[in-house]
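Enquirer: The amino acid sequence is not available; the structure is as follows:
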Ligand SMILES: [Zn+2]
């Protein structure tokens, strides 16, 4: 179960121009990257339109819906309604909150909020941008330059060794403290397969072949679209770790894989696949 696996529910991300807020619509409000929410043990909720005064409601912009439930963004500083406080998004990632689709909605809203906040001014002429009337875009009224939401492609890589039935696990120096796989951003002018080969060489010094696509995952916290791949080591299988980026990189057998504490990430799903089925699970 990855963060976006919310079936039978579905997130509809198409923009609705001229949307009129309704009382029960959810409101996302961010402050310095933190999100306004209220939670108990395992349940999370966000304020609704009914919690806000009418002058704040006028400032709401349509984000998306999860089936019939609409989520809006408040782009103005307004005093939080009673019972709600600003929390790090990490809080949502580190605990299993219900409804699960709200966690995915919050990650997606974070990405859109970030995009709105970095597109306040036109990058070409410096004039203040305006919301486009018809689509999710920011338009410069002075020079006409138009900006769409930006998504950064990156790859997650399971490097496998068929002969020993092992996979390369890593731990990064900064940020997330749990086991991970080799990963990295796609450079301009590069195919995803070339990113896979380059990142594996840079981070663990291995040459790979038989690069095979697994699945993809939107990861709103970093504005990413992650593409998962498995590939086979070829030639020398001795790891030469990039110590500036990693603090750990080892060949690990299925039974020795320690998974991440939560199931939201594709990285964890790929590690779990190898833990359950070994190499043969990666070529099915
Ligand atoms: Zn401009």
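Expert: Now that the structure is in, tell me what you want to look at. Keep in mind it's a predicted model, so treat the numbers as computed, not measured.
Enquirer: element containing residue 228, please.
Expert: strand 224-234 (DSSP states H and E).
Enquirer: Show me what that strand is packed against.
Expert: strand 152-161, helix 192-204, strand 207-219, helix 266-277 (3 or more CB pairs under 8 Å, 6 or more residues apart in numbering; DSSP states H and E). Just so you know, the C-beta spots here come from the backbone N, C-alpha and C atoms, and that holds for glycine as well.
Enquirer: Out of the ones you listed, which one sits most buried?
Expert: strand 152-161 (a mean of 22; mean count of other CB atoms under 10 Å).
Enquirer: for the following helix or strand past it, what is the average pLDDT?
Expert: For strand 152-161, the following helix or strand on the C-terminal side (DSSP H and E) is strand 166-172. Strand 166-172 shows an average pLDDT of 95 in the prediction.
Enquirer: Buried residues of strand 166-172, list them for me.
Expert: 166-170, 172 (16 or more other CB atoms under 10 Å).
Enquirer: Same check on stretch 57-68?
Expert: Judged by neighbour count (16+ other CB under 10 Å), stretch 57-68 contains these buried residues: 57, 60-66.
Enquirer: wait, what's in contact with the residue nearest to the spatial centre of the chain?
Expert: Taking CA atoms, centre = their mean, the centroid of the chain lies closest to residue 219, which sits 1.1 Å from it. By CB atoms under 8 Å, 6 or more residues apart in numbering, the contact list for residue 219 reads 3, 107, 154, 225-226, 265.
Enquirer: How about residue 124?
Expert: If you count contacts by CB under 8 Å, 6+ apart, residue 124 has them with 140, 143, 145.
Enquirer: sec struct for the nearest residue to the last one once chain neighbours are set aside, please.
Expert: Closest residue in space to residue 145, ignoring its immediate chain neighbours: residue 124 at 4.6 Å, by CB to CB, 6 or more residues apart in numbering. When the structure is split into helix, strand and coil by DSSP: H, G, I helix; E, B strand; the rest coil, residue 124 lands in coil.
Enquirer: repeat for residue 15
Expert: Here residue 15 is coil, with the state taken from three-state DSSP.
Enquirer: Could you find the closest non-adjacent residue to it?
Expert: Spatial nearest neighbour of residue 15, chain neighbours left out: residue 136 (4.0 Å); criterion: CB to CB, 6+ apart.
Enquirer: Out of the helices and strands in the chain, which is least certain?
Expert: In the chain, no helix or strand scores lower on mean pLDDT, DSSP states H and E than helix 90-94, which sits at a mean of 82.
Enquirer: So what's the gap between it and the chain middle?
Expert: Relative to the centre of its chain, helix 90-94 is centred 13 Å away, using CA atoms, centre = their mean, to the nearest Å.
Enquirer: Now that helix: buried residues?
Expert: Quick answer for helix 90-94 (16+ other CB under 10 Å): 92-93.
Enquirer: try stretch 13-23
Expert: Buried residues in stretch 13-23 (16+ other CB under 10 Å): 15, 21.
Enquirer: And the contacts of it?
Expert: Stretch 13-23 is contacted from outside by 48-50, 57, 60, 62, 64, 70, 72, 108, 133-136, using CB under 8 Å, 6+ apart.
Enquirer: Go again with 6 Å.
Expert: 49-50, 57, 60, 62, 64, 72, 134-136 (CB atoms under 6 Å, 6 or more residues apart in numbering).
Enquirer: Quickly note the distance from residue 30 to residue 162.
Expert: Distance from residue 30 to residue 162, counting by CB to CB, to the nearest Å: 46 Å.
Enquirer: I meant to write residue 195 there.
Expert: According to CB to CB, residue 195 and residue 162 sit 22 Å apart.
Enquirer: For the stretch 51-200 of the chain, which segments are assigned as helices?
Expert: Secondary structure of the stretch 51-200 of the chain (DSSP state H, counting those that start in this stretch): helices located at 54-57, 90-94, 100-118, 192-204.
Enquirer: how far away is the residue nearest to residue 15 from residue 35?
Expert: Note on residue 136: its distance to residue 35, by CB to CB, is 20 Å.
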